[in-house]
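Enquirer: Would you be able to build a 3D model of this:
(one chain, ligands or ions: 3)
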Amino acid sequence: MSNVYVFDHPLIQHKTAMIRKEDTSVKDFRELVREISMLMGYEATRKLPLEEVEITTPICDTKVNMLKGEDIAIVPILRAGLGMVDGMLALVPNAKVGHVGLYRDPETHEPVEYYCKLPNDIDKREIFVVDPMLATGGSAAAAIDFIKARGGKKIIFMCLIAAPEGIEALQKAHPDVDIFIAAKDEKLNENAYIVPGLGDAGDRLYGTK
Ligand SMILES: O=P(O)(O)OC[C@H]1O[C@H](OP(=O)(O)OP(=O)(O)O)[C@H](O)[C@@H]1O
Ligand SMILES: O=c1cc[nH]c(=O)[nH]1
Ligand SMILES: [Mg+2]
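Expert: Ligands and ions are numbered 1, 2, ... in the order given. Okay, the predicted model is just below:
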């Protein structure tokens, strides 16, 4: 079964509290999502593989550990996942970025696919799937299905707010995928929105409501 990491860092808790507030502006929401993603990314990248390389300092030749820089992919689930990409890229600027487009059908709450474009060598990369919200888990599970169908193997899922129902569903669908969460909430409401949550992350990022 996959590991689930819920962040207790005060900066992450504070910034996550800020994005929940209904009067947080679109501009502040976007900036906060970027900052939280970067803080989470610092920990979520802990197990990235390193390689030993030889360098020359002003003093001598030496061996140091460096990231295998070409080996990472960030895959946002459109739209809201886009808000987490820049924060991750600030940490791993050489990462490639794939996109999976999904929206939840408002009646059935089932994910509907409309786009998928991934790096050709996705099978060789450490993949970070990002989406601010894990509600029923349907979108995350479907996105990871697409990535695996195209060869993706080493996958981590990062979200800001998760419902227990979504965590359970994602673990069941993809027991090999570790999950990083800024805050675990109480439940889903009758419309499958997270309670207390923050509303619709895509609308809040892009001001569409
Ligand atoms: O766990 P689930 O029940 O599948 O719900 C979570 C999904 O819902 C939201 O996307 P939405 O459908 O609102 O699309 P958007 O990002 O374009 O707003 C969110 O960003 C997730 O992708
Ligand atoms: O609470 C929720 C659930 C799904 N999608 C969102 O953006 N928010
Ligand atoms: Mg939305």
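Enquirer: Centre-most residue in this protein?
Expert: Val130 (2.1 Å; Cα atoms, centre = their mean).
Enquirer: Pretty sure that one sits against Ser37.
Expert: Yes: the pair formed by Val130 and Ser37 meets the contact definition of Cβ atoms under 8 Å, at 6.8 Å. In this view, the C-beta of every residue, glycine as well, is placed from N, C-alpha and C.
Enquirer: any residues in contact with both of the two?
Expert: Met84, Val85, Met88, Met158 (Cβ atoms under 8 Å, 6 or more residues apart in numbering).
Enquirer: check which helix or strand covers the closest residue to ligand 3 within the chain.
Expert: At 3.2 Å from ligand 3, Gly202 is the closest residue in the chain, using Cβ to the ion. Using DSSP states H and E, Gly202 maps to helix 201-206.
Enquirer: Show me what that helix packs onto, helices and strands only.
Expert: Contacts defined by 3 or more Cβ pairs under 8 Å, 6 or more residues apart in numbering; DSSP states H and E place helix 201-206 against helix 26-44.
Enquirer: Restricted to helices, list the shared contacts of Val130 and Ser37.
Expert: Val85, Met88 (DSSP state H).
Enquirer: got the shared contacts of Val130 and Ser37 as CSV, with neighbour count, pLDDT and distance to Ala183 columns?
Expert: Shown next, in CSV, are these (neighbours: other Cβ atoms under 10 Å; pLDDT from 0 to 100; distance: Cβ to Cβ, whole Å):
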residue, neighbour count, pLDDT, distance to Ala183
Met84, 29, 98, 14
Val85, 19, 98, 20
Met88, 24, 98, 18
Met158, 28, 98, 13
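Enquirer: Tell me the one of the shared contacts of Val130 and Ser37 nearest ligand 2?
Expert: Met84 (12.8 Å; Cβ to the nearest ligand atom).
Enquirer: That closest one touches Ser37, doesn't it?
Expert: Yes: the pair Met84 / Ser37 is scored as a contact, 4.0 Å apart, by Cβ under 8 Å.
Enquirer: How about stretch 97-104 and ligand 3, any contact?
Expert: No: judged by Cβ under 5 Å from the ion, stretch 97-104 and ligand 3 are separated, with a smallest distance of 6.8 Å.
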